[in-house]
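Participant: Got a predicted structure here, sequence first:
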Amino acid sequence: MNINSTSNIHSGDIVYEETLSGREHLVRGGLDFTDITRIVCRMPEIPLLKTPMSWVIGFIFAFSLMIIFFGCIAYLIWEGTGIWGNAAPVYWGWPIVNFVFWVGIGHAGTLISAILFLFRQKWRTSINRYAEAMTVFAVICALVFPGIHVGRIWTVYWMFPIPNQMSMWPNFRSPLLWDVFAVGTYFTVSSLFWYVGLIPDVATLRDRAKNKISKVIYGLLALGWRGSMRHWVHYERAYLLLAALSTPLVLSVHSVVSFDFAVSQLPGWHATIFPPYFVAGAIFSGFAMVQTLIIPARSLLKLKNIVTIKHIENMNKIILLTGSMVGYAYCMEFFIAWYSGNEYESFTFINRAFGPYSWAYWSMVSCNVIFPQIFWFRKCRTNIYISFIISIFVNIGMWFERFVITVTSLNRDFLPSSWRYFTPTLFDALFLIGSFGLFLSLFLMFIRYLPVIAISEVKGVMPQADPHKK
Amino acid sequence: MNNTKVWGIMAEYSTPRAIYNACKKVRDAGYKKWDACTPFPVHGLERAMGLSASYLPWLVLIAGLAGGILALIGTSWVSVIEYPLNIAGKPLLSIPAFIPIIFEVTILFSALTTVFGMLAINQLPRFNHPVFNNTRFKQVTDNKFFIIIESQDINFNMKETLQLLESTDAVIINTIGD
Amino acid sequence: MQKKIDSQNNQFNSVYKFYRREALQLMGASLALAGLSVSCRRPVEKIIPYIRQPELIIPGNPNYFATAIMLNGNAIGIVVESHEGRPTKIEGNKLHPSSLGASDSHMQASVLQLYDPDRAKSPTWNNSSSTWSRWKKWLEEKTIEWNNKNGKGLAFLTTNSNNPTSLRLQSAIQEKFPNSKWFLSSDFSNNNKEKGTYEIWGEGTRVKYNLDKASLIVSIHDDFLILGDDHLRHAKNYAKGKLLSKNKSNRLYVIEADTSVTGSNADNRLALGANDIIYFMESLCYELFVVNNLNNEYFKTSKNIFKLLFPNTKKIVFSNHKFVKALAVDLINNKSKSILTIGNHLPSSIHSLVHIINIALDGLNKTFNILDIKTSEYYNRMINTNSFNSLLDKIENKEINELFIINSNPVYKFPFIKKQIIKIPTVITMGIYKDETGSISDWHLPTSHFLENWDDGVSYDGTTSIVQPLISPLYNVYSKNEILYQILYNGEIKDAYNLVRDTFWKKKLIKSDKEWNLTLHDGLIKNLNYKTIKNYLSIDFSSLSLSLKRMNKNKLSFDNLELICKEDYSISKGEYSNISWLQELGDPITRLAWGNALLISPKLAKKYNLSTQIKEMKYETDIVSISIKNKKIYAPIFVLPGLPNYSMCISMGYGRTHAGFIGNNIGVNIGVLLNTDDKESILGVKIKKTVKKYNLSAIQIQLAVNSDCITNVDKLHLGNRDIVRSITLKEYKTADLKKNSLLKNLKHKEGVLNKPIQVTRPFIYDKNAWGMVIDLNLCIGCSFCVIACQAENNIPIVGSKEVKRGRAMHWLRIDRYFIGPVDNAKNVHQPVACAHCENAPCEAVCPVAATVHDKEGLNTMVYNRCIGTRYCANNCPYKVRRFNYFDFTNSGDLYVDPKSLERRKTLQMQYNPDVSIRYRGVMEKCTYCTQRIQEAKLKAKRNGNDSNNMLDGTIVPACAQTCPTNAITFGNINDKSSNVYKLKNNDREYEMLEELNIRPRTSYLIRISNPNLELI
């Protein structure tokens, strides 16, 4: 078709019916480069006043939640950690649960970008930008919680090894300090990864920009990218290196987060299975969150031809796999508890399943292990609605997993004298909801003003991108 | 536009295949100061242009090692010499406990070097470049492929170079003022 | 501040004595603020400099003064620590026979009472503030009236305290106004006890137990270890008899209608309703006198004695024969080494019965003495005092125009008499609080706290002490004696010091200033106490048997329930309601804080379908209506295993309406149901379930160590946790504890107990190495140490709401676990504080190294460095770390509202300046009283001694210092000669959770119970 065509309808609008027979192309409907550019750039190029209503409503909602979040933080700093439900013996409550939850979600992005990249999984190109953005925002949410959950927030910087006149230093043996390094590094690297990927696409926006402001902003972000082949050489190598670095990183981060629990000696925390178990769980929850976000977005942003049902199915497969791994971990915890012969350990797990928190435990198991099993059936894997619902369940389930680990282990440990049931306060709930506000606000800003698909990468995997093709 | 000094010549192609073949020709003609601009990395084009592989990995390796060693020394020095404390009856020098930090710092240094090293090598950010003067060049980030030969090149000769480019299936060829 | 001094000058025109105290007062306020200057975030406070440099005060060094405190009418010697004129801490006086160095929670907490902002600050007339001069004027007018009528219409309501000076002045008043009437306020007083001895030894006699001489102690509903007269001496002596050697230990039987602390220490316990105790006594007498025919020179023909006592007993109705038989045999075997003690509130005839048995067991002058108090100097207090009921009659007959109520609060105890009291034309109340009675009186005259003014007192065994003040009155108040003197000499003022001095100099009890100073220094007058009676007078068996016969009522059953109103362990009978420390202490048995509840047995609960469930963090329990005749109140219930099936139990002292900011409207006032002649156990009580629920706040949720006695909804198997270890003496003889051969007794899985090997080289502590051993065999669970710790370490109070959340701040807590079957469950107590583990789990996880070890093995907590991640607390297996979730310290004695900041102005004067107060967001925990360790080391340095080689016992933590049974031993475990070293090598020594290899410095000694094996 005519590449100079100025016709307003272009093939991005037509949705081709989903064919599932055999290996189909990742990008359907014989789109050409311009179509990809147009489809992806549509949203960022909509003028401010023509912003779609759905987006506006969504953003107002998310933004108000975010305001609540910051309001709560202000009150927390004013009043003290007591506004949460935390008490003895459950000294860590929802804030840490939320922290681990968000960090977990922040794993799929880098995983998709890095590991699938290293495995040359071409289908990743349609979703990786999206997932990376999600990662960065999730990690931002995660970073808030350890920051504010300490008793004296104004001294939290003492965790960093900053030379000071009292020559006091942090304790490098503490898993919390490992966290500071791990999550800090992870945030830096994943944001860099995301931004490096963005450079050529922002350049596209820059070149298509109509008004002055976007010209300047995109221009600055694009760093003067001009697609030079001499640049591409180093760029691609850098991207490969980042992928190679991120892969061990992404595995290490949630391992380190799991050390927060595993290194302590609390029955139910002190377990060697935690690192792999946490990593699997993180990928699990991460993919679920990608699903939750992309399924509505692909119709909202008319990306159905780029993010095809094939992608959804692939992600469901990964959800099924990791979900089963998590399920295996649950069983193994019980086995070891019994096998170790340690009565405190075994009690902790009996208490989890049948104690006062059994409701939390069983909702966790059903959400994480039982429900995803329906993905064994292709019909369910490839059904948008089922995928969406399951992804929601998995999100809930994974939050509960962290809750179960943190709270049920703490509330009944060695001495029965100090046992107490934990109940959250209103603020606990507000902080959780608020963090979603922060996350969604950032995410909506992203889909509004940045290319949600890696344009250049998608072009790179299109059939006509091959120079040797007749 | 001819009255101004010519910076270089820009040929525009509409398919990866076209620019691939064109690059071969230009390379064989022995040009050095020239470049190909594409909306996405066209596979094998760097070979067609006769570019060598990136040396970025070596920088990253050095930086990573430096980070790791720094972290090892830092943690040990603090825990043993600068701020020795009896913490949980553990030995002052408990390397296993420092490994996570050493690892993370290694990664951090490597990643930073990767990104900023890449930008440095590519001399980015660079917000003004002669090619931007040409409005058609805007499509380099959409669906057009360009070959630019700079007038600085020793082999550059307006007539011959034009002929060379015309011999490729370029869509449009025009010169870029300085 | 200046104003206060002026008012003092007006009051006191005597010289010199008061200059010193003015200065003290000045410093009191100023240095109190200085004391605060060490906190995580330094508050900016003005410091007032000395005006006059007082003698014997070196800033920074505390002074110690001996004085005495009155507890239920008896003086107990104390030593008060004073920082720059602020009394901050109360300890027992080693020289004093009824303290022996120990002190109880009330003594400890009374220092906070001194600074209570809710104290009455100036006289009030008809509830509107007035002045002492107006009072003087009023008094002068009245005196003329009284003089004319010889005091007719004038009446006094006093407690049976025996302060010599008060008694001197009272009797003087009686002489001056012969027609004046004197009444004793009925506070379930020792009437029974006195009648009991009266019937055998005649008037003015008193029993004194020597528990250390007894190898067999039988407590008949008597909580002698922690309540009542001479409890500290009892506890000490009881402990002396424990585990004298590897196969010798005393044995304690407890027959009780409630679940007392003494009961939880029993080797053999029998839960029995107070009403049914008569049947038990009957069958015990039968076993002793008839079956085992017990006799001695007093009772030749034992058979007759039973006939005389129970003439018309055909057969023994008491059900639990096994117990009585075994007990009787045991008593016979331990003749002259055994003693029966009896609770004050059991009927006097049972008292006499017990005395007879004790005499028959040859206990007289061995296991107990009879004190003769009528020969003493002050035995004039019984002179024509009338009972409380007669007062009410007199009021009805309008015979009383002016009633003085001295340190007594009848309107709270029996609310129904309020309407009678207000009939009196003029009621004058004296007391440090304007309480329920004060609020309806015409004149309320605020009196001084015992730490503020001169007074005197006599202990249970007649030891006389001078009460010397440590600070001049904070408010515009007079002492009780000063007011009595004003009444005596129509308003003339004489200061308490001279009043007290006169008492002793006139009677020639103290002859020289030297003696006087010595008395003040020692806190008691040497060898001045009651004589003992060698033998006994004749017994009027007929009247005794008659009264015993009269007692025979129908047995307890579901239709005939009894209610036991017991003195509260924390706040006594309401005297201490407004002291936050005690409100939050938590009952040693129920662990309930900030309120009381109707304790009922599981069986009774089932019958009435009542339950106490653990809902979320608190108990959610049913509310029942308790009704006696026409009166009715509503109270929350608490199902407590170990109670007799048909006895319900509720503690007094709650439901105050005029106690003050802390104590108002907490719990229910059982007094509403009572009549003035009621005893502590009341029959004919009906309860009825209501639909309402209530949340009780508890320091510890009720759970048992072993699963056969889980008392709440949770039926999970807890595994077998050897947290509290207890074995019987028989097992102890055979067991080789170091090899853990006791494990089979504890049904313990193999090998879990063996310490794991440590891979890394442990740190070497070659100089001082502080350690602690807690002997569970001696710990009676009284919780006195908790308050001592609170006073010493400025531990904040969090209030009911936060306690429900589980945020109580106690550094030291006494865990309570149930053992045995639910229907006859026993409690075990275990003090738990930071164990200063050598491999402290808390330290490894702190990201900022805020908790680290020092050279001497202390697990130090650096408040200023702590950022509050709370990770350490999570990782502490003992859960002894406490977190300041809110700004608890700076909100006074209760975390609530801005009002508490106001309250703090005086309360902060109690703070110990050697211990920094903690700011919001900081973790805190037991420090082994590190301030005392440092103090001792500095002292050693000053004296040129080696601070690394101090004498054992130079350092005593607050908890160990106050413990009446010396269950806590602290010292240097590197010092081979130290007690703690010896105990660490005792074969009973064990580390809690030692399988974790945390190497705690605090270890425990296994409890050795000595039950009668026939009863197991």
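Facilitator: Cool, the structure landed. Residues are numbered from 1 along each chain as shown, chains lettered A, B, ... in the order given.

Participant: Ramachandran angles for residue 173?
Facilitator: Picked chain A for this. phi -90, psi -10 (degrees, to the nearest 10).

Participant: Switch to chain B, please.
Facilitator: The phi/psi pair for B:Ile173 (degrees, to the nearest 10) reads phi -130, psi 130.

Participant: what about it, how many neighbours?
Facilitator: B:Ile173 has 15 neighbours, counted by other C-beta atoms under 10 Å in any protein chain shown. Placement of C-beta: from N, CA and C, glycine included.

Participant: Next: A:Pro276.
Facilitator: Counted with other C-beta under 10 Å, A:Pro276 comes out at 16.

Participant: So the biggest strand by length in chain B, near chain A or not?
Facilitator: In chain B, taking DSSP state E as the definition, the longest strand is strand B:6-13. No: judged by C-beta under 8 Å from any C-beta of the partner chain, strand B:6-13 stays clear of chain A, getting no closer than 10.5 Å.

Participant: The residue of chain A found nearest chain C: which element?
Facilitator: In chain A, the residue found nearest to chain C is A:Gly151; the distance is 2.0 Å by C-beta to the nearest C-beta. Assigned by DSSP states H and E, A:Gly151 belongs to no helix or strand.

Participant: Give me the neighbour count for the residue nearest to it when sequence neighbours are not counted.
Facilitator: Spatial nearest neighbour of A:Gly151, chain neighbours left out: C:Gly868 (2.0 Å); criterion: C-beta to C-beta, 6 or more residues apart in numbering or on different chains. Neighbourhood size, C:Gly868 [other C-beta under 10 Å]: 27.

Participant: Can you tell me how far C:Gly868 is from C:Glu995?
Facilitator: Separation of C:Gly868 from C:Glu995 (C-beta to C-beta, to the nearest Å): 30 Å.

Participant: And C:Asn292, by the same measure?
Facilitator: From C:Asn292 over to C:Glu995 the distance is 50 Å, taken as C-beta to C-beta.

Participant: and if you look at A:Val233?
Facilitator: Applying C-beta to C-beta to A:Val233 and C:Glu995 gives a distance of 61 Å.

Participant: When these two are compared, which one has more neighbours?
Facilitator: Per other C-beta under 10 Å, whichever of A:Val233 and C:Glu995 has more neighbours is A:Val233, with 22 against 15.

Participant: Check which helix or strand that one maps to.
Facilitator: Secondary-structure assignment from DSSP H and E places A:Val233 in helix A:229-262.

Participant: what does the average pLDDT come to for that helix?
Facilitator: Per-residue pLDDT over helix A:229-262 has a mean of 93.

Participant: just checking, next helix/strand downstream of that helix?
Facilitator: Using DSSP H and E, the helix or strand that directly follows helix A:229-262 along the chain is helix A:274-300.

Participant: by contact count, what packs against that next one?
Facilitator: Counting contacts by 3 or more C-beta pairs under 8 Å, 6 or more residues apart in numbering or on different chains; DSSP states H and E, helix A:274-300 packs against helix A:94-105, helix A:108-110, helix A:128-149, helix A:229-262, helix A:309-340, helix A:384-403.

Participant: How far away from the center of its chain is it?
Facilitator: Distance of helix A:274-300 from its chain centroid, counting by C-alpha atoms, centre = their mean, to the nearest Å, is 6 Å.

Participant: now the angle from it to helix A:384-403?
Facilitator: 150 degrees (axes from the mean of the first three to the mean of the last three C-alpha atoms, to 10 degrees).

Participant: Spell out which parts of the stretch 1-150 of chain A neighbour chain B.
Facilitator: Residues of the stretch 1-150 of chain A lying near chain B (C-beta under 8 Å from any C-beta): A:3, A:32-34, A:37.

Participant: hmm, try it at 6 Å
Facilitator: A:33-34, A:37 (C-beta under 6 Å from any C-beta of the partner chain).

Participant: can I assume C:Ile370 sits in a strand?
Facilitator: Yes: read with DSSP: H, G, I helix; E, B strand; the rest coil, C:Ile370 is one of the residues of a strand.

Participant: Tell me, what's the model's pLDDT at the closest residue to it other than its chain neighbours?
Facilitator: Setting aside the residues directly before and after it, C:Ile370 is nearest to C:Ile533 in space (C-beta to C-beta, 6+ apart), at 4.2 Å. At C:Ile533 the predicted local confidence, pLDDT, stands at 84.

Participant: For C:Ile533, which residues are in contact?
Facilitator: C:201, C:370, C:372 (C-beta atoms under 6 Å, 6 or more residues apart in numbering or on different chains).

Participant: Quick one: which of these is the most crowded by neighbours?
Facilitator: Neighbour-wise, those (other C-beta under 10 Å) top out at C:Ile370, 23 neighbours.

Participant: Look up how far C:Lys193 lies from that residue.
Facilitator: Relative to C:Lys193, and taking C-beta to C-beta, C:Ile370 is found at 12 Å.

Participant: Kindly report the same for C:Asn979.
Facilitator: Shown here: C:Asn979 relative to C:Lys193, a distance of 37 Å by C-beta to C-beta.

Participant: Just the angle for the host helix or strand of A:Ala182 relative to helix A:229-262, thanks.
Facilitator: Using DSSP H and E, A:Ala182 sits within helix A:175-208. Taking the same axes, to 10 degrees, one finds helix A:175-208 and helix A:229-262 inclined to each other by 150 degrees.

Participant: What are the phi and psi values at C:Pro641?
Facilitator: For C:Pro641, the backbone dihedrals (degrees, to the nearest 10) come out as phi -70, psi 150.

Participant: hang on, it packs against C:Ala825?
Facilitator: Yes: C:Pro641 lies in contact with C:Ala825 (C-beta atoms under 6 Å); the separation is 3.7 Å.

Participant: coming back round to it: quick check: the residue nearest to A:Gly151 touching C:Gly921?
Facilitator: Yes: C:Gly868 is in contact with C:Gly921 according to C-beta under 6 Å; the separation is 4.1 Å.

Participant: which residues are common contacts for those two?
Facilitator: In contact with both C:Gly868 and C:Gly921: A:151-152, using C-beta under 6 Å, 6+ apart.

Participant: how near is the residue nearest to A:Ser285 when sequence neighbours are not counted to chain B?
Facilitator: Once flanking residues are discounted, A:Ser285 sits nearest to A:Met398: 3.8 Å by C-beta to C-beta, 6+ apart. According to C-beta to the nearest C-beta, to the nearest Å, A:Met398 and chain B sit 23 Å apart.

Participant: Check what pLDDT the residue of the stretch 1-150 of chain A found nearest chain B gets.
Facilitator: The nearest approach of the stretch 1-150 of chain A to chain B comes at A:Phe33, 3.6 Å away (C-beta to the nearest C-beta). On pLDDT, A:Phe33 comes in at 87.

Participant: With C:Glu377 instead?
Facilitator: Here, the pLDDT recorded for C:Glu377 equals 68.

Participant: Distance check, C:Ile987 against C:Lys246.
Facilitator: One thing to correct before we go on: residue C:987 is Asp, not Ile. Distance from C:Asp987 to C:Lys246, by C-beta to C-beta: 9 Å.

Participant: Oops, could you answer that again for B:Lys5 instead?
Facilitator: From B:Lys5 across to C:Lys246, the span is 111 Å (C-beta to C-beta).

Participant: more crowded one of the two?
Facilitator: When neighbours are counted by other C-beta under 10 Å, B:Lys5 and C:Lys246 differ, and C:Lys246 comes out ahead with 12 against 8.

Participant: how close does the residue nearest to A:Ser285 get to C:Leu95?
Facilitator: As for A:Met398, its distance to C:Leu95 is 68 Å (criterion: C-beta to C-beta).

Participant: cool, C:Leu604 as well?
Facilitator: Separation of C:Leu604 from C:Leu95 (C-beta to C-beta): 48 Å.

Participant: for chain B, what are the nearby residues on chain C?
Facilitator: Chain C comes close to chain B at residues C:760, C:762-763, C:838-840, C:843-844, C:849, C:852-853, as judged by C-beta under 6 Å from any C-beta.
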